[in-house]
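Visitor: Predicted model and sequence follow; I will ask about them next.
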Amino acid sequence: MESISLIIGDHQALNAVQVELDNRGDSVVRVESADRSEQLRAVAELTADGKCAITALILGFEPDGNTGSVAAHALRIVRDCEAFLVRDEGRVVLLSGRDYLGWPGRTEASIDLAGIVAMGRSLALELGQRGLTVNTVCPPYELGAVEATDDPWAAPPPPITGPVDAEDVAFAVEFLSHPESRYITGQVLHVSGGLSVLSSLSA
């Protein structure tokens, strides 16, 4: 039975995630299509013969304005893959975003992103009974160099520690999907250069 790391979605960091897992020596299967029906068909084909063992499942979807649909779709894929996640070894890593904490003008996206975070925490409790881990990585809305706006409410400021790149996000995903990370589950890891701390300024 072949063991694979399965990457699905259209998140901007997933190309870098694939490079990290390839460099680690994983047998990586990447479903690059942003079409959700095609993603589900690809999962069905992979699991049809029952010979697929998934050691890492990485999901990342860009919010599409259809409120709540991203988390629902991600959960559907987890359920379709669940029986094929290797007991005591399987790692699920979800990509959400810093904006689940809220920002003006990004309400619809924040609902999707918060749904991913909540789903990850609940799945960690549920799947942990089989020795599986589920964690969520939250990068900023924009990766790479970000310019500050004249209006401080127009967009979050640039990351405090400097630009966050796709490679930074990929490193966090690789860490959480590693076999040695078996005692880390239900966590939300912000890879946003300190932007998550902004939520504390009004507390």
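Guide: Everything's here; your move.
Visitor: top helix in the chain by residue count?
Guide: helix 107-127 (DSSP state H).
Visitor: quick one: contacts of it?
Guide: Helix 107-127 is contacted by residues 63, 65, 67-72, 74-75, 78, 82, 85, 90, 92, 94-97, 99-103, 133-136, 138, 141, 185-188 when judged by Cβ atoms under 8 Å, 6 or more residues apart in numbering. C-beta coordinates here come from the backbone N, C-alpha and C atoms, glycine included.
Visitor: mind checking the end-to-end distance for stretch 177-196?
Guide: End-to-end distance of stretch 177-196 (Cα to Cα, to the nearest Å): 22 Å.
Visitor: quick one, helices of this protein?
Guide: Under DSSP H, the chain gives helices at 14-24, 36-47, 69-81, 107-127, 166-176.
Visitor: Mind listing the residues bridging to the most centrally placed residue in the chain?
Guide: Geometric centre of the chain, nearest residue: residue 95, 1.8 Å, by Cα atoms, centre = their mean. Beta bridges link residue 95 to residue 60, residue 137, judged by DSSP bridges.
Visitor: mind exporting stretch 128-147 as CSV, just the C-alpha atoms?
Guide: Extracted C-alpha coordinates of stretch 128-147, given in CSV (Å, rounded to 0.1, in the frame of the first residue of the first chain):
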residue,chain,number,x,y,z
GLY,A,128,-7.3,12.2,18.1
GLN,A,129,-9.0,9.1,19.3
ARG,A,130,-7.3,7.3,16.4
GLY,A,131,-3.9,9.0,17.0
LEU,A,132,-4.5,11.5,14.2
THR,A,133,-3.5,15.2,14.6
VAL,A,134,-5.3,18.2,13.2
ASN,A,135,-3.8,21.7,13.2
THR,A,136,-4.4,25.0,11.4
VAL,A,137,-1.9,27.5,10.0
CYS,A,138,-3.0,31.2,9.7
PRO,A,139,-0.9,33.4,7.3
PRO,A,140,-1.8,37.0,6.5
TYR,A,141,-4.2,37.9,3.8
GLU,A,142,-1.4,39.0,1.5
LEU,A,143,1.9,37.2,1.3
GLY,A,144,5.2,39.0,0.3
ALA,A,145,5.9,42.7,0.6
VAL,A,146,2.9,44.8,1.8
GLU,A,147,2.7,48.5,1.7
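Visitor: how about the nearest residue to residue 92, chain neighbours excluded?
Guide: residue 134 (4.4 Å; Cβ to Cβ, 6 or more residues apart in numbering).
Visitor: ok, how many other residues are close to that neighbour?
Guide: Residue 134 has 27 neighbours, counted by other Cβ atoms under 10 Å.
Visitor: residue contacts, it?
Guide: When contacts are counted by Cβ under 8 Å, 6+ apart, residue 134 touches 92, 93, 94, 120, 121, 123, 124, 127, 128, 185, 186.
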